[in-house]
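Undergrad: After the sequence you'll find the predicted model.
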Protein chains: 2
Amino acid sequence: MAHTKTLADVAAAAGVSKMTASRALRGAPDVSSATREKVQEAATRLGYVGNPLAHSLSTKRSDLIGVVVPSLSNIVFAEVLTGIADRFAGTGYQTIFGVTDYDPEAEALIVQNMLSWHPAGLIVTGVDQMPALRMRLSSVEFPVVQIMDLDGEAVDCCVGLSHTRAGADMARALVAAGRRKFGYVGCGLGCDTRAVKRRKGFVKALEERGIPLSAELTAPGFSSVSAGQKMTERLLAKNPDLDCIYYSNDDVAMGGLFHALKQQIDVPDALLLAGFNGLDMLSALPAPIATSHTPRREIGQTAAQLILKHLSDEDDPGPSRIAFEPVIDLGLS
Amino acid sequence: MAHTKTLADVAAAAGVSKMTASRALRGAPDVSSATREKVQEAATRLGYVGNPLAHSLSTKRSDLIGVVVPSLSNIVFAEVLTGIADRFAGTGYQTIFGVTDYDPEAEALIVQNMLSWHPAGLIVTGVDQMPALRMRLSSVEFPVVQIMDLDGEAVDCCVGLSHTRAGADMARALVAAGRRKFGYVGCGLGCDTRAVKRRKGFVKALEERGIPLSAELTAPGFSSVSAGQKMTERLLAKNPDLDCIYYSNDDVAMGGLFHALKQQIDVPDALLLAGFNGLDMLSALPAPIATSHTPRREIGQTAAQLILKHLSDEDDPGPSRIAFEPVIDLGLS
DNA sequence: TTGAAAGCGCTAACAC
DNA sequence: GTGTTAGCGCTTTCAA
């Protein structure tokens, strides 16, 4: 590509001015269809590709959508991203993304950096940003969507679910299913505020029914199947009489199941395991894991949709708050 | 953000010209340390954030790194992305990414679109791009790294492993472990060229030892645990005498394991299951799955590192080809 | 060591 | 309907 074709080249080739070419290519209303065709023909012939850099600098608005997630090793966020990418595919918007590793300061830095690109919209995970970042976000002039979590105050738009309530709902469902001796196993509660909320809702709902949490084991570090396995082993060694364990998520719960299978523990009759997310994989497991199904992909799509709506609407539709209801599935058929 | 601060503001505040401010901020050599400090002080005081759009337009080179992967629902690519993001964190480069859904035409479109951003580098998955895209890529003036696959001709740099050989190695290891009646189960071979290569290497290595593939079941659609479970059930129903099944990857193999566990099949003694990737999760399973451990994260980091090297070096280091050797683990302790 | 002019490729705002 | 002018915010000349 010796010399990238510019609008000027197209205009020259079509025998019109740069402005007319620009208008024609963007489909502005006031261009005669004759010139429009001339210009389009010239553009395709030259293989003209617009320069979004120049475009954005001129309009002070890029077609970039910033997306910030805490982690990618967790399949859940990968699915959310897929939903986002899905919805933006073919719209001309480009997603740029950042991974915070659950570090609020890293998040602030990443967002700050994204802002310098003058994005058309921003999607960030959760509602628990640092105060400085919240303030910064509330003063931007493009749509901001906070996803996954509804427990807290949103800056602008918000798509997700109440994790506190999800935890409480699960507690009620498990009690209704006859469980009484509860254990809890969690990973990364130091940084995953949503897992903390679920645990809190869970414990509170139990207490409201006069049932204590009999045992608990938490660990720093990211959640993983193997962590779940080891922690379950330790928890059960000290508390063999539990009839139910609530986990910070499905991954950890699967580790618990694998331990139980090895130990020939009767799941779910003797011990019911409950996670969170409703990973597809669960349906294939040799024994059931109770879970709350969350629409990850849909959350991503909805967030993207919301941004598109804000960008297309003449009149700003204002902040929205879209709540999804996780569906509890105890897996007891 | 009423009026975003520009370089002109900083310059004015520091009492110098725009040019001097620009040079000072970029750390150009020929600026007196006195003015440099003045400018830097003014910049931080005003909260100045450079505009990468203008910068890129001017230099005709952005700080964007394009990353194209076939899918995100597969944890493998999420891990590669994590590695890439890791390495670029704090370098000032921004990754923009696209998901092709294993569609070569979508890939061509996405890359074309990325090129218009004048990225500083590009990372694409595999070496099997459409000819038109290959040609396009070979003529760009920034580093291009193809990742994951080494079986084919690279456009520029290449980081990954030979899937053909990985399949063959696994076949040899399984034969050495005494297996003789082989089955194969695979998903999405219509689009996942790397899985196809592994299967091909596997079958060929078996043949070289005079062992045929006794049974095979493939299906369109993306790989998943549940697909693996169902397909294994069907395969074993017709071929109960298999003593080993090779899967297109670990996900599908896990589905197979779950089926076997339900059926009380003795894994691995009666039936050995083999996948590919070496997912962390495998170590927690109640029965072993043979696998080839691939360094996903490391591949991502290496690709990023390669780009950084090309961008920093005065003299172009030229195309590199970095091969990783997957480590086979039969899980038979 | 510093500054002034010109321009990256595009578009908003006016003329014609 | 179409062209002209003047930027967007930065950097690359080149001159001082």
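TA: Done, it's in.
Undergrad: alpha carbons only for contacts and neighbour counts from here, please
TA: Fine.
Undergrad: Get me the contact residues on the stretch 1-150 of chain A for chain B.
TA: A:1, A:49-54, A:56-57, A:71-75, A:78-79, A:81-82, A:85, A:94-99, A:116-117, A:139-140 (CA under 8 Å from any CA of the partner chain).
Undergrad: If we use 7 Å, what do you get?
TA: A:1, A:49-54, A:57, A:72-73, A:75, A:78-79, A:82, A:95-97, A:116-117, A:139-140 (CA under 7 Å from any CA of the partner chain).
Undergrad: so residue A:158 sits in a strand?
TA: Yes. The assignment for residue A:158, made by DSSP: H, G, I helix; E, B strand; the rest coil, places it in a strand.
Undergrad: Do I have it right that it meets residue A:148?
TA: No. Taking contacts as CA atoms under 7 Å, residue A:158 lies outside contact range of residue A:148: 8.1 Å.
Undergrad: now, which of the residues of the stretch 1-150 of chain A next to chain B lie within helices?
TA: A:52, A:53, A:54, A:57, A:75, A:78, A:79, A:82 (DSSP state H).
Undergrad: Can you redo the residues you listed as JSON lines, where the extra columns are distance to residue A:64?
TA: JSON lines is the format used below for these (distance: CA to CA, whole Å):
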{"residue": "A:52", "distance to residue A:64": "10"}
{"residue": "A:53", "distance to residue A:64": "11"}
{"residue": "A:54", "distance to residue A:64": "13"}
{"residue": "A:57", "distance to residue A:64": "12"}
{"residue": "A:75", "distance to residue A:64": "24"}
{"residue": "A:78", "distance to residue A:64": "19"}
{"residue": "A:79", "distance to residue A:64": "20"}
{"residue": "A:82", "distance to residue A:64": "16"}
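Undergrad: ok, and of the residues you listed, which contact DNA strand D?
TA: Contacts with DNA strand D are made by A:54, A:57 out of those, judged by CA under 7 Å from any atom of the strand.
Undergrad: Just want the most central residue of chain A.
TA: residue A:80 (4.4 Å; CA atoms, centre = their mean).
Undergrad: Show the pLDDT at that one.
TA: Residue A:80 carries a pLDDT score of 96 in this model.
Undergrad: hang on, it packs against residue A:296?
TA: Yes. Counting by CA under 7 Å, residue A:296 is a contact partner of residue A:80 at 5.1 Å.
Undergrad: near DNA strand D, which residues of chain A show up?
TA: Residues of chain A lying near DNA strand D (CA under 7 Å from any atom of the strand): A:15-20, A:30-36, A:54, A:57-60.
Undergrad: Just the ones of the residues you listed in helices?
TA: A:18, A:19, A:20, A:33, A:34, A:35, A:36, A:54, A:57, A:58, A:59.
Undergrad: and the worst-scoring helix or strand of chain A on mean pLDDT, C-alpha only, in CSV?
TA: Among the helices and strands of chain A, strand A:94-99 carries the lowest confidence by mean pLDDT, DSSP states H and E, at a mean of 90. C-alpha atoms of strand A:94-99 as CSV (Å, rounded to 0.1, in the frame of the first residue of the first chain):
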residue,chain,number,x,y,z
GLN,A,94,-15.3,-1.0,17.2
THR,A,95,-14.9,-2.4,20.7
ILE,A,96,-11.7,-1.7,22.6
PHE,A,97,-11.4,-3.5,25.8
GLY,A,98,-9.4,-3.6,29.0
VAL,A,99,-9.0,-6.2,31.8
